[in-house]
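Visitor: Could you look at this predicted model? Sequence included:
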Amino acid sequence: MSNAKRMTIVFTILICMFSLMPISAMADKAAASFELKLTSQEAKTEISVVGKNLIDVFAYDISMKYDSTRLKFVGALTALTGFSVDPIVKKGTIRFAHTKTGNSAGETGDKELVLLKFERIAEGNAEVSLQAVQLVNSKLEMNELKPVLQVTVAGKSISVDWKDIKGHWAESAFREAAELGFVTGYADGTFLPNRAVTRAEFSAMMVRALHLELGADSKLAFNDSDLIAAWAKPYIATAVKAGLLKGYDDGSFRADQLINRTEMVAVVMRALDLKADQKTKLQFADALEIPVWATGYVAAAVETGIIKGRNGNRFAPQEHATRAESVVVILAMLKQK
């Protein structure tokens, strides 16, 4: 068999999840086990996936899961000879595939299969787990293993003692948001969960939650830019540049205007780059009050569980979004990324 043909077969197997090959092909050689080794220093974390008792491993495909709200995936590498596929990273999961080349034998013994590198982006403990490993030997026989392995990347816990959140329906969400660093309380020790949110405040929440880098240039082209507070300009400029928020037809941004639920949903769904068909029928009692331009965003948000309606089966599209609703929606968005 030529090297080119071998590579084609191997990568077809890897990318297609080996769907056309018998999973039990190497069952009698399934003595392999795995280990996760964690090294963490300040904001940098490395996790090594080690294969033990390997027998003739010519190619492999590793699936990992990690807390993407607290860790940023930086890269993956292996010291083994051969060719690695660029990691596929999506919604807190990583797939890394590697294959040897030529007519050489596969790897045998204890080998480090991949070294994963992360950066901490928020406080709190972060879990990383090994979900599945697919091994292919030099005869192109495949074995799929699902080890149950997890490591915890320890982080500082943020002490939240806001006096007005105890017993609130979103109390746990407030604590998580504080650890992720996109909300803070007020100087008097309150969080004010039911307070409405301005467009400027929501811009800041989104920029912090998405870890968008504030640009050096915070100049804004809106005709009411002079009315925008200095603290808010960098956040608004960054959010506008990222395509999250837009101005109005009259050229204004209206930073101090309270954001409504429709606008809030549109912003988070732009961040996810999701939008359903505008012809999608929504089952809310006030569905006809949702602006046509936002129907696709609302439908996608409901479908993915980003947002729910209010009492009485209403979406309440024009009602102001509260700090509690904003926190819950942003957290749901982050779990989708």
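Guide: Yep, that arrived.
Visitor: tell me what the helix or strand where Val240 lies is packed against?
Guide: Using DSSP states H and E, Val240 sits within helix 233-241. Applying 3 or more C-beta pairs under 8 Å, 6 or more residues apart in numbering; DSSP states H and E, one finds that helix 233-241 contacts helix 199-209. Every C-beta, even on glycine, is put in place using the N, C-alpha and C of the backbone.
Visitor: what residues does the helix it packs on touch?
Guide: For helix 199-209, the external contacting residues (C-beta atoms under 8 Å, 6 or more residues apart in numbering) are 180-183, 197, 212, 214, 228-229, 232, 235-236, 238-239, 242, 244-245, 253-259, 263-264, 267-268, 271, 321, 326-327, 330, 333-334.
Visitor: Can you flag the buried ones in these?
Guide: Neighbour-count burial (16 or more other C-beta atoms under 10 Å) applied to those gives 180-183, 197, 212, 228, 232, 235-236, 238-239, 244-245, 253-255, 258-259, 263-264, 267-268, 271, 321, 326-327, 330, 333-334.
Visitor: Please narrow those residues to those residing in helices.
Guide: Counted as lying in helices by DSSP state H, out of those, are 180, 235-236, 238-239, 263-264, 267-268, 271, 326-327, 330, 333-334.
Visitor: Of all pairs in those residues, which one is the farthest apart?
Guide: Farthest pair in these (C-beta to C-beta) is Leu180 and Glu263. Separation: 22.1 Å.
Visitor: quick one, helices of the stretch 1-150 of the chain?
Guide: Assigned helices in the stretch 1-150 of the chain, in chain order: 3-15 (criterion: DSSP state H, counting those that start in this stretch).
Visitor: can you list the domains in the protein?
Guide: 3-153, 171-336 (automatic domain parsing).
Visitor: Let's have these in a markdown table, adding mean pLDDT and distance to Ser159.
Guide: Formatted as a markdown table, those follow (pLDDT from 0 to 100; distance: least, C-beta to C-beta, whole Å):
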| stretch | mean pLDDT | distance to Ser159 |
| --- | --- | --- |
| domain 3-153 | 86 | 11 |
| domain 171-336 | 95 | 9 |
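Visitor: Nearest to Val160, out of those domains?
Guide: Among the domains of the chain, domain 171-336 comes nearest to Val160, with 4.9 Å by C-beta to C-beta.
Visitor: Straight-line length of that closest one, end to end?
Guide: Start-to-end span of domain 171-336 (C-alpha to C-alpha, to the nearest Å) is 21 Å.
Visitor: And for stretch 200-216?
Guide: 18 Å.
Visitor: And stretch 308-328, by the same measure?
Guide: With C-alpha to C-alpha as the measure, stretch 308-328 spans 10 Å from end to end.
Visitor: what about Phe174, which SS state?
Guide: helix (DSSP: H, G, I helix; E, B strand; the rest coil).
Visitor: I'd guessed it sits against Phe182; true?
Guide: No. Phe174 is beyond contact range of Phe182, at 11.1 Å (criterion: C-beta atoms under 8 Å).
Visitor: Based on its surroundings, how many neighbours for Asn37?
Guide: Rather than Asn, residue 37 is Lys. Lys37 has 12 neighbours, counted by other C-beta atoms under 10 Å.
Visitor: How about it: what's its closest non-neighbour residue?
Guide: Nearest residue to Lys37, sequence neighbours excluded (C-beta to C-beta, 6 or more residues apart in numbering): Ser48, at 4.2 Å.
Visitor: Since that was my last question, I'll sign off now.
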